[in-house]
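Asks: structure of the sequence below:
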Amino acid sequence: MKNAVNDGVWSGTWVAERLGVGLEGDDGLRDLLGLALRRNPKRAHLLVSHVLGKHVPQSPSVVYGHGFRLGRRVRELLGETETASAVVLGYAETATGLGHSVADGLGLAPYLHSTRRPVAGVARAGGFEESHSHATSHLLLPEDAALLAGDGPLVLVDDEFSTGNTVLNTIRDLHERYPRRRYVVVALVDMRSAEDSARLARFAAEIGARVDVIATASGTVRLPDGVLEKGQELVARHASAEEASTAGCGSVVAGRARAAEPHDASPRAPEGEHQPDHVASAPSPRHGGRITRVDLHWPPGLPDGGRHGFTPAHRARLEAALPAMAARVAEALPADARRVLVLGFEELMYAPLRIAGELERVIPAEVRFSTTTRSPVLAVDDPGYAIRTRLVFPAHDDPADGPGERYAYNVAGAGFDAVVAVVDSVADTPALHAPDGLPARLAAHTPRVLLAVVPSYAPEPLSSPERPAMLPEPLRGPAFSSYAPEEVGWLLQDLSDVTLEAPTEEREEAIQSGGAHYAESLPVEYQPSEQYQELFHSALDASAARIAQAVGVVTETVIAERSPRPVLVSLARAGTPVGVLMRRWARFRHGLELPHYAVSIVRGRGIDANALRWLAAHHDPRDVVFVDGWTGKGAITRELTQAIEEFEEKEGVTGFDPEIAVLADPGSCVRTYGTREDFLIPSACLNSTVSGLISRTVLRADLVGPDDFHGAKFYRELAGADVSVAFLDAVSACFPEVADTVDAAAKELMAEDRTPTWEGWRAVERISEEYGIHDVNLVKPGVGETTRVLLRRVPWKILAKAGAGADLDHVRLLAEQRGVPVEEVGELPYTCVGLIHPKYTRGATGADGRAVNV
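Replies: Numbers count the residues shown, from 1 in each chain. This is a model prediction of the structure:
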């Protein structure tokens with residue numbers, strides 16, 4: 001990899017020649033690292049990463065890719081079971097974005113990074129010292145104090161692993177508080193000496209834990225005698241020359257008398273040019289470059305990074321919003337910009353990096369990413385030196401250690417036509433906008449500066465505002481749903497009189513563009529043809545006994561392992577027919593009349609907190625068992641786990657178990673299931689007409705207030721086509737004939753190791769990459785999810801397991817009706833997988849709404 005800043009010359013040559021410092025190790029080490037001199041009395045040299053996105057502007061895909069691949073290696077090392085219980089911890093300030101990227105590579109792990117910014121109201125969960133740094137104290141401030149308290153592996157991520165002291169300090173502090181059996185240390189480069197490695201091994205043996213190390217490259221730094229004193233003298237000499245050369249001219253570029261002028265992009269919009277509503281522009285107070293503020297429309301309540309914790313659910317929300325945020329930035333850039341820098345802010349690395357990555361994907365300009373820093377480094381204008389220019393500006397986030405200088409390296413003179421500076425709202429202060437503030441400094445070296453402010457996430461206090469003492473009672477049939485009133489109570493509000501349906505193509509475009517969430521509207525209800533209804537009834541006749549056995553097995557498992565009198569809480573609406581059947585089995589086999597409720601859970605937004613409050617007020621949370629129809633890749637499983645954790649933290653209510661009980665678990669995502677086979681569950685064939693005539697749930701701010709249940713519609717007008725009760729009766733009629741089989745199967749199942757392997761998630765990730773989709777949310781595995789794709793979304797193609805039989809008859813019929821190709825695949829853990837049309841716009845379908853094959 002060529003270091004673009006230094007024109008192909010290794011960027012450690014200057015230091016190596018003058019101080020005798022050398023790098024020895026893997027062949028790719030010099031591609032990853034250059035050398036510079038610190039303005040630091042503790043260490044003379046600085047290893048400058050070419051791929052970290054801190055001091056050296058680099059392609060965001062390169063920066064993110066290095067961290068993501070390291071995360072994949074950790075996942076392979078740990079295996080799926082330990083990965084599912086792992087926590088990732090990154091180091092401030094340089095490795096906050098790297099740690100995030102590693103967590104993304106693991107896929108299942110929450111992330112936390114250390115911070116040097118105290119936050120009022122957030123208790124410290126730990127801290128440690130970094131011996132060689134200019135700013136030593138690290139704080140750990142998780143919103144959820146239990147984040148670090150588990151016994152799963154702790155993955156520690158830093159940009160470089162030099163002596164091991166920082167890692168030792170971290171593990172020592174945390175192990176005393178939260179002992180665990182395994183740690184994994186991850187870095188871009190492992191530069192420890194043999195003695196440093198031996199010291200870590202001795203320490204691991206002392207505490208009785210396993211410590212693994214994973215790095216992109218390994219080596220050592222050769223330091224001659226007296227290098228610290230020589231380095232300090234060299235820094236002093238060049239710093240004095242730099243101050244003399246810039247005295248009186250107001251220059252903030254150290255290392256060059258004058259920055260190279262960038263490409264001639266227009267410094268301001270022409271007279272009369274339209275500015276979008278999310279863009280506000282003004283000239284720099286001291287320079288010709290134009291400073292433009294861009295409103296990203298950051299998702300409400302989404303953390304800006306991992307300072308207080310960042311979960312896979314948070315990542316999913318961010319990724320859903322990235323296209324729209326990048327589009328707003330792109331719209332504000334000069335049309336002829338050929339080279340663009342996205343500049344993060346100290347610890348705020350991940351959000352700017354992901355925005356830069358999306359921008360790189362959608363605009364023709366060359367995009368680079370780097371970050372401001374508090375690290376003082378000498379700048380020398382030489383191709384063999386890693387830090388060629390230095391912008392200096394005052395700290396602007398009211399730091400706890402007082403005012404001081406901050407820096408942006410290798411930005412001035414790099415020929416950027418525009419710089420997008422991304423800061424958090426705590427740092428959006430008068431000091432930022434002062435004549436010597438960061439935007440003004442940047443404006444002296446680029447024609448256009450965009451400023452984007454991400455809201456600083458502030459954890460809510462444990463005490464919540466008072467809410468109404470009484471929540472409404474559950475809705476019941478026949479006033480709401482075609483189920484009998486004792487079968488299920490719906491913890492929802494009735495939105496039947498509100499028009500919420502939108503054409504499938506319009507919904508898909510809005511969802512994929514980030515302009516709307518899928519829960520803000522409803523698809524038009526599919527009206528099955530006569531041929532399709534015949535398929536449903538044939539499938540029901542063929543599989544009723546099979547479903548009855550799975551219902552019996554999962555219900556027996558719940559009663560034996562979870563609670564002798566469970567409170568069934570189905571996830572509306574796919575889980576609701578299963579919840580009704582489980583209730584019927586408990587009555588048939590044990591004479592129990594179990595309470596059953598249906599609640600709303602929305603991917604990316606969590607479970608209905610008001611429904612949980614109602615349940616906690618009326619039942620013991622320890623008896624609640626959440627029920628769903630089937631698992632696909634496990635997204636709802638993870639969503640529920642995170643939502644319950646957040647609810648308990650905010651409400652102080654404990655006892656809810658997020659483990660879902662499902663009829664079928666083909667994705668191997670849960671422990672409580674009736675079967676792990678992927679077969680046709682006829683209730684997946686239809687929408688509301690097999691689910692009590694209830695729509696999927698709705699969560700929209702103008703309809704659902706903070707003290708309301710989520711909403712849904714009752715489609716009374718479809719009563720003539722309703723088969724909801726017929727489906728339940730057909731399965732229930734098979735209970736007597738499968739009773740003995742269920743007893744034996746349940747005992748056998750409960751004796752097995754049912755630890756989730758997350759096999760389905762791995763398959764989805766592989767399919768996403770192999771088919772060039774690069775978005776796991778557009779891959780829907782299993783018969784049930786594939787059916788939903790064909791009924792509700794804009795399908796691209798269907799992957800069918802070679803030799804799949806009648807279980808896919810309805811899928812083939814729907815695919816034929818929508819003009820969607822069905823591709824047979826040999827290696828597939830599911831019976832079928834539905835692929836939603838990637839990068840969807842309405843141009844992806846013809847005038848008749850049928851899919852266009854690409």
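Asks: can we go C-alpha only for contacts and neighbour counts from here?
Replies: Will do.
Asks: check contacts around Thr311.
Replies: 109-111, 642 (Cα atoms under 8 Å, 6 or more residues apart in numbering).
Asks: now, the most widely separated pair of those?
Replies: Maximum pairwise distance in the contacts of Thr311, criterion Cα to Cα, is 12.8 Å, between Tyr111 and Gln642.
Asks: between the two, which is the more surrounded one?
Replies: Legend: neighbour count by other Cα atoms under 10 Å for Tyr111 and Gln642, higher for Tyr111 (28 against 19).
Asks: and the more buried one, what does it touch?
Replies: Applying Cα under 8 Å, 6+ apart, the residues near Tyr111 are 87-90, 99-100, 103, 306, 309-311.
Asks: now with 6 Å?
Replies: Residues near Tyr111 by Cα atoms under 6 Å, 6 or more residues apart in numbering: 88-89, 306, 309-310.
Asks: repeat for Leu35
Replies: Residues counted as contacts of Leu35 (Cα under 6 Å, 6+ apart) are 12, 46-48, 386.
Asks: ok, of the residues you listed, which one's closest to Arg638?
Replies: Val48 (37.5 Å).
Asks: for that closest one, which three-state class applies?
Replies: strand (DSSP: H, G, I helix; E, B strand; the rest coil).
Asks: per-residue confidence at the residue nearest to it when sequence neighbours are not counted?
Replies: In this structure, Val48 finds its nearest non-sequential neighbour in Gly34, 5.0 Å apart by Cα to Cα, 6 or more residues apart in numbering. On pLDDT, Gly34 comes in at 94.
Asks: follow-up on the earlier one: would you turn the contacts of Thr311 into TSV with pLDDT, secondary structure and distance to Val157?
Replies: Formatted as TSV, the contacts of Thr311 follow (pLDDT from 0 to 100; DSSP: H, G, I helix; E, B strand; the rest coil; distance: Cα to Cα, whole Å):
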residue	pLDDT	secondary structure	distance to Val157
Ala109	88	coil	13
Pro110	92	coil	13
Tyr111	96	strand	10
Gln642	87	helix	23
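Asks: returning to that earlier point: flag the least confident of the contacts of Leu35.
Replies: Leu46 (88).
Asks: quick one: contacts of stretch 345-363?
Replies: Taking Cα under 6 Å, 6+ apart as the rule, stretch 345-363 contacts 60-61, 93, 97, 326, 342, 344, 367, 371-373, 423.
Asks: next: stretch 73-83.
Replies: In contact with stretch 73-83 (Cα under 6 Å, 6+ apart) are residues 106, 757.
Asks: just the CA trace of it, in CSV.
Replies: Output in CSV follows, covering the C-alpha atoms of stretch 73-83 (Å, rounded to 0.1, in the frame of the first residue of the first chain):
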residue,chain,number,x,y,z
ARG,A,73,-10.4,-13.0,12.7
VAL,A,74,-11.4,-12.6,16.4
ARG,A,75,-14.8,-14.2,15.5
GLU,A,76,-13.0,-17.2,13.9
LEU,A,77,-10.8,-17.5,17.0
LEU,A,78,-13.6,-17.4,19.5
GLY,A,79,-16.2,-19.4,17.7
GLU,A,80,-19.9,-18.4,17.5
THR,A,81,-20.8,-19.3,21.1
GLU,A,82,-18.1,-17.2,22.7
THR,A,83,-18.5,-14.4,20.2
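Asks: avg pLDDT for it?
Replies: 91.
Asks: what residues sit buried inside it?
Replies: Under the neighbour-count criterion of 16 or more other Cα atoms under 10 Å, stretch 73-83 has 73-75, 78, 80, 82-83 buried.
Asks: ok, stretch 385-405 next?
Replies: Residues of stretch 385-405 classed as buried: 385-397 (neighbour count, 16+ other Cα under 10 Å).
Asks: same question for stretch 619-631.
Replies: Neighbour count says stretch 619-631 has 621, 623-631 buried, by 16+ other Cα under 10 Å.
Asks: show me where pLDDT drops low in the stretch 501-650 of the chain?
Replies: Where the stretch 501-650 of the chain drops to pLDDT under 70, the residues are 502-521, 523-524, 526-528, 532, 604, 633.
Asks: got the buried residues of stretch 385-405 as CSV, with secondary structure and distance to Val569 columns?
Replies: Output for these, formatted as CSV (DSSP: H, G, I helix; E, B strand; the rest coil; distance: Cα to Cα, whole Å):
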residue, secondary structure, distance to Val569
Tyr385, coil, 63
Ala386, coil, 59
Ile387, coil, 59
Arg388, coil, 61
Thr389, coil, 61
Arg390, strand, 59
Leu391, strand, 58
Val392, strand, 58
Phe393, strand, 56
Pro394, strand, 55
Ala395, coil, 51
His396, coil, 49
Asp397, coil, 46
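Asks: for His175, state which of those residues is nearest.
Replies: Nearest member of the buried residues of stretch 385-405 to His175, counting by Cα to Cα, is Asp397, at 32.1 Å.
Asks: ok so, going back, list the pairing partners of the helix or strand where the residue nearest to Val48 lies within its sheet, with orientation.
Replies: For Gly34, the host element (DSSP states H and E) is strand 33-37. Applying DSSP bridges to the sheet, strand 33-37 is found paired with strand 45-49 (antiparallel).
Asks: wait, the residue nearest to Val48 touches Gly12, no?
Replies: Yes: here Gly34 reaches Gly12: they are 4.5 Å apart, a contact under Cα atoms under 6 Å.
Asks: out of everything not next to it in sequence, what's closest to the residue nearest the centre of the chain?
Replies: With distances taken as Cα atoms, centre = their mean, Arg315 lies nearest the centre of the chain, 1.4 Å away. Take Arg315 and drop its neighbours on the chain: the residue closest to it by Cα to Cα, 6+ apart is Asp104, 8.0 Å away.
Asks: likewise Arg116?
Replies: Sequence neighbours aside, His138 is the residue nearest to Arg116 in space, at 5.5 Å (criterion: Cα to Cα, 6+ apart).
Asks: and the one you found, how far from Pro179?
Replies: Distance from His138 to Pro179, counting by Cα to Cα, to the nearest Å: 20 Å.
Asks: tell me where the stretch 251-400 of the chain has helices.
Replies: Secondary structure of the stretch 251-400 of the chain (DSSP state H, counting those that start in this stretch): helices at 312-332, 350-362.
Asks: packing partners for the longest helix seen in the chain?
Replies: Secondary structure of the chain per DSSP state H: the longest helix is helix 530-561. Where contact means 3 or more Cα pairs under 6 Å, 6 or more residues apart in numbering; DSSP states H and E, helix 530-561 is packed against strand 672-675, helix 735-750.
Asks: on that earlier part again, looking at the buried residues of stretch 385-405, which is nearest Ser197?
Replies: Ala386 (27.7 Å).
Asks: residues touching the closest one, list them.
Replies: 11, 34-36.
Asks: need phi/psi at it.
Replies: Backbone torsions of Ala386, given as degrees, to the nearest 10, read phi -80, psi -30.
Asks: check which helix or strand covers Val569.
Replies: Counting by DSSP H and E, Val569 is found in strand 567-571.
Asks: neighbours around Gly692, how many?
Replies: 27.
Asks: which element, helix or strand, includes it?
Replies: Gly692 belongs to no helix or strand when assigned by DSSP H and E.
Asks: pretty sure it sits against Ser724.
Replies: Yes: the pair Gly692 / Ser724 is scored as a contact, 5.4 Å apart, by Cα under 6 Å.
Asks: common neighbours of those two, please.
Replies: In contact with both Gly692 and Ser724: no residue, using Cα under 6 Å, 6+ apart.
Asks: widest-spaced pair of the buried residues of stretch 73-83?
Replies: Using Cα to Cα, those reach their maximum pairwise distance at Arg73 and Glu82, which is 13.3 Å.
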